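Peer 1: What would the 3D arrangement of this be:
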Amino acid sequence: MSLPELKITVFSDYICPFCYIGDARLNRLRELYTLRVNWCFLEIHPDTPAAGMSVSKLGYDDATWQRMMSTLSHMAEEDGLKFREHDFTTNSHASLLLAEAVKRNASEHFYALHDSLFRVLFIDGENIGDPEVLRHIAIDAGISPELVNQAWEDPVYETHLKHYLEAAQELNVRATPTFFIGDGKLRIDGAMPYEDMLKKIRTNESSTS
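Peer 2: This next block holds a predicted model:
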């Protein structure tokens, strides 16, 4: 028996820990639906250096940061996700260009890359702002060196990222991840608990059927 199709547009960034959790919750929907996911890559901290920096420099006060990390740890535990201490961040621009190029030119390797980018940063603690780290991830995912170079040299992928940013601004996307479900009328901001996410999707299906 084939699963019903569900279209989802996701605004996401690989350096966002809540996107890592949101991606895991999205994957659980694959047990019930054939997902058609439109990934829109949105760079959330473009001023962060590619060499990486302490998360203390992101500008959050201690109380806010501790509250965010407590929430994050609880969410990761709920989904059985491994998660190292989130003590540094990096620039995601090169990784987003790479993901965009692979999505459009080697889609059969996209999810191997996609999953690895989250894992390498949030479990292994490596810097996905480093081009050499990204090259190793890409090669391990079966992506050709030529496509890696194309991702960073062909201006078309910069144009695609610019279009995602413009779309996010038009839709008033203020956080990652943000999900637009089906015809886009159902919007979910943030990494909502899976059961709540599924309930909203089913309610939306009932109202549009």
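
Peer 1: Confirm residue 164 sits in a helix?
Peer 2: Yes - judged by DSSP: H, G, I helix; E, B strand; the rest coil, residue 164 forms part of a helix.

Peer 1: any idea how far it is from residue 91?
Peer 2: 16 Å (CB to CB, to the nearest Å). (Glycine included, C-beta is placed from N, CA and C.)

Peer 1: Repeat that for residue 12.
Peer 2: In terms of CB to CB, residue 12 sits 16 Å off from residue 91.

Peer 1: Now for residue 2, how many residues are close by?
Peer 2: Per other CB atoms under 10 Å, the neighbour tally for residue 2 reads 5.

Peer 1: Any idea which helix or strand in the protein has the lowest mean pLDDT?
Peer 2: helix 62-78 (a mean of 82; mean pLDDT, DSSP states H and E).

Peer 1: roughly how far is that one from the heart of the chain?
Peer 2: 18 Å (CA atoms, centre = their mean, to the nearest Å).

Peer 1: can you give me the mean pLDDT across the helix or strand that it is followed by?
Peer 2: Later in the chain than helix 62-78, the nearest helix or strand by DSSP states H and E is strand 88-89. The average pLDDT within strand 88-89 is 87.

Peer 1: what sits against residue 40?
Peer 2: Residue 40 makes contact with 9, 10, 11, 12, 164, 167, 168, according to CB atoms under 8 Å, 6 or more residues apart in numbering.

Peer 1: Identify the bridge partners of it.
Peer 2: residue 11 (DSSP bridges).

Peer 1: Roughly how far does it sit from residue 47?
Peer 2: As judged by CB to CB, residue 40 and residue 47 stand 21 Å apart.

Peer 1: go on, residue 92?
Peer 2: For residue 92, the distance to residue 47 - CB to CB - is 12 Å.

Peer 1: before we move on, what about residue 38?
Peer 2: Relative to residue 47, and taking CB to CB, residue 38 is found at 27 Å.

Peer 1: Just the buried positions in the helix or strand harbouring residue 95, please.
Peer 2: Here residue 95 sits within helix 93-105, counting by DSSP H and E. For helix 93-105, a neighbour-count test (16 or more other CB atoms under 10 Å) marks 93, 94, 95, 96, 97, 98, 99, 100, 101, 102, 103, 105 as buried.

Peer 1: In this structure, where is pLDDT below threshold?
Peer 2: Within the chain, the stretches with pLDDT under 70 are 209.

Peer 1: quick one, strands of it?
Peer 2: Using DSSP state E, the strands of the chain run over 5-12, 34-41, 53-54, 88-89, 178-181, 186-189.

Peer 1: Go ahead and confirm residue 69 touches residue 87.
Peer 2: No - under the criterion of CB atoms under 8 Å, residue 69 makes no contact with residue 87, lying 9.8 Å away.

Peer 1: count of neighbours near residue 75?
Peer 2: Residue 75: 22 neighbours (other CB under 10 Å).

Peer 1: Now the residue lying closest to residue 84 once chain neighbours are set aside, what are its backbone angles?
Peer 2: Distances taken as CB to CB, 6 or more residues apart in numbering place residue 125 nearest to residue 84, at 5.1 Å, with adjacent residues excluded. With angles defined as degrees, to the nearest 10, residue 125 sits at phi 80, psi 20.
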